[in-house]
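S.K.: sequence first, predicted model second:
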Amino acid sequence: MTDLSRFALTGMLVGSLLGASSAVAQSPKHSPAADSGTVATPAVAADSGTAATPAPTAETAAANHVETLLGGLKISGYAEASYSYSTEPSGTAIVGRIFDRIQDQAMLNGLVVVLDKPYDTGKLTAGFHAELIFGQNASVIKSGGFSLGDQGDIPHLYGTLNIPTPNGNGLQLKFGRMVTLMGVEVIEDVVNPNWSEGYQFIYVENFTALGLSAEHKFNRYLDVQLRVINGWDVVQDNNNRKSFMGRLGIYPDEKSSISLVGYLGPEQAVDSTADRYGINVVLNRKVGGTTAVWLQGDYGREQANAALPDPTQDAKWWAIGGWLTHDLTPAFGLALRADYFDDQDGARTSGVLGFPSNAGLKVGSGTLTANIRAWPQVLLRPEVRYDRSDLAAFNGNKDQTTFSLSAAYVY
């Protein structure tokens, strides 16, 4: 039996066991906390611009921020700590991971503070949005050309100018540092279906970008976002050309959404001739009031350049992932994720986050997370995750199992 066959069989067995006990998971906020209505979700998720995190409802917004005396300025956020243990660590590191990357140690993931000054879409108004992270998560999402030290970062910091439009939705012009338009998962893990981040979030997408975004909601069925940016995960551009990213959001009905994202631009230092380009697709469907399903597909390519493992040929990668969430009660839900990533030339994984140097790597995982909301404002998340690769990437073995526990206070 091949490695990939074993991985597929493992996924089928996990799915069968979950189905026998009622196919459970938690229902995310078009990510996790939204539909549960129990744990307040930090306002950052509402303005991230991804398909996974639409704006919170009025009831949610009222519960998850502090109104300041400064003319409607809102403050929200969360504090989080965690512990992870892998069966196949590489020294003190868990291979391939970011927020759960440290073996057999408690982590102070972050104190996250969100500042938000909303704008009125029906008027000529302005607002701003900022997020500060202090803690061990900050060190792995930092951008080139900007530093608050090893344990601090500002993934969101932008102003918004709203221009009224006849349909009342306005045209928003945003300038500053913003998170990616791609994917289901976001930096703020408390609003993700699972606690750990999947391979698509880590290796296929950018985290942040600095630039200009133009955004408009045409009607209840269609919206668009267009960006000109300095590049992936840089504040100061590392070459002489800009990059582009755009998203089309389609909403067939109140329970379904489709997100189509495309990107193009040079991302290597000094080299302005080698473009990186690709597409990201996210499908979401809510089933009843307690269940939700996501599917995400990615394809990317980078033109030959000196930074690639083989500088003479284009690098290619693709990935697919699926999420199923279900709330058994308002205080308890489960989330299941399965993902697969084929880094065909090693351009995204070679020597990165503990993976060995390689000219191609295939890796996948299956993750089960319990989302426990028994205490007001608290999200407790025990998780078990299984990873398998076609290379001996995990301490000389092809697979590893990780057990984790995260606790977050959301305010």
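M.R.: Sure, I can see it.

S.K.: helices of the stretch 151-300 of the chain, start to end?
M.R.: 199 (DSSP state H, counting those that start in this stretch).

S.K.: over to the stretch 1-150 of the chain?
M.R.: 3-20, 33-36, 58-63.

S.K.: lowest-confidence stretch among those helices?
M.R.: Among those, helix 33-36 has the lowest mean pLDDT, at a mean of 35.

S.K.: bridging residues for the nearest residue to V410 once chain neighbours are set aside?
M.R.: In space, and not counting its chain neighbours, V410 is closest to Y78: 4.3 Å by C-beta to C-beta, 6 or more residues apart in numbering. C-beta here means a position set from N, CA and C on the backbone, and glycine is covered the same way. Following DSSP bridges, Y78 is listed with bridge partners V112, V410.

S.K.: was I right about Y78 contacting D189?
M.R.: No - using C-beta atoms under 8 Å, Y78 and D189 do not qualify as a contacting pair, with a distance of 9.4 Å.

S.K.: and the contacts of the helix or strand harbouring E383?
M.R.: Using DSSP states H and E, E383 falls within strand 378-389. With contacts defined as C-beta atoms under 8 Å, 6 or more residues apart in numbering, strand 378-389 is touched by 3, 6-7, 10, 14, 33, 39, 96, 190, 194-196, 361-374, 394, 398-410.

S.K.: buried residues, it. List them.
M.R.: Using 16 or more other C-beta atoms under 10 Å as the test for burial, strand 378-389 gives 379-381, 383, 385-389.

S.K.: partners of the top strand by length along the chain, with directions?
M.R.: Counting by DSSP state E, the longest strand found in the chain is strand 315-329. Looking at strand 315-329 with DSSP bridges, its partner strands are strand 291-302 (antiparallel), strand 332-343 (antiparallel).

S.K.: distance from the last one to the middle of the chain?
M.R.: How far strand 332-343 lies from its chain's middle: 13 Å, per C-alpha atoms, centre = their mean, to the nearest Å.

S.K.: what average pLDDT does it get?
M.R.: When pLDDT is averaged over strand 332-343, the result is 98.

S.K.: packing partners for the helix or strand that it is followed by?
M.R.: Going down the chain from strand 332-343, the next helix or strand is strand 361-372, by DSSP H and E. In terms of contacts (3 or more C-beta pairs under 8 Å, 6 or more residues apart in numbering; DSSP states H and E), strand 361-372 is packed against helix 3-20, helix 199, strand 332-343, strand 378-389.

S.K.: swap the cut-off to 6 Å and go again
M.R.: helix 3-20, strand 332-343, strand 378-389 (3 or more C-beta pairs under 6 Å, 6 or more residues apart in numbering; DSSP states H and E).

S.K.: what mean pLDDT does it get?
M.R.: pLDDT averaged over strand 361-372 gives 98.

S.K.: put the alpha carbons of that strand into PDB.
M.R.: C-alpha atoms of strand 361-372 as PDB (Å, rounded to 0.1, in the frame of the first residue of the first chain):
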ATOM      1  CA  LEU A 361       6.800  17.200  -1.000                       C
ATOM      2  CA  LYS A 362       3.300  15.900  -0.600                       C
ATOM      3  CA  VAL A 363       1.600  16.200   2.800                       C
ATOM      4  CA  GLY A 364      -1.800  16.000   4.300                       C
ATOM      5  CA  SER A 365      -3.600  16.000   7.600                       C
ATOM      6  CA  GLY A 366      -6.800  15.200   9.400                       C
ATOM      7  CA  THR A 367      -7.800  17.200  12.500                       C
ATOM      8  CA  LEU A 368     -10.600  16.900  15.000                       C
ATOM      9  CA  THR A 369     -11.300  19.900  17.400                       C
ATOM     10  CA  ALA A 370     -13.700  20.200  20.200                       C
ATOM     11  CA  ASN A 371     -15.000  23.800  20.800                       C
ATOM     12  CA  ILE A 372     -16.100  24.200  24.300                       C
END
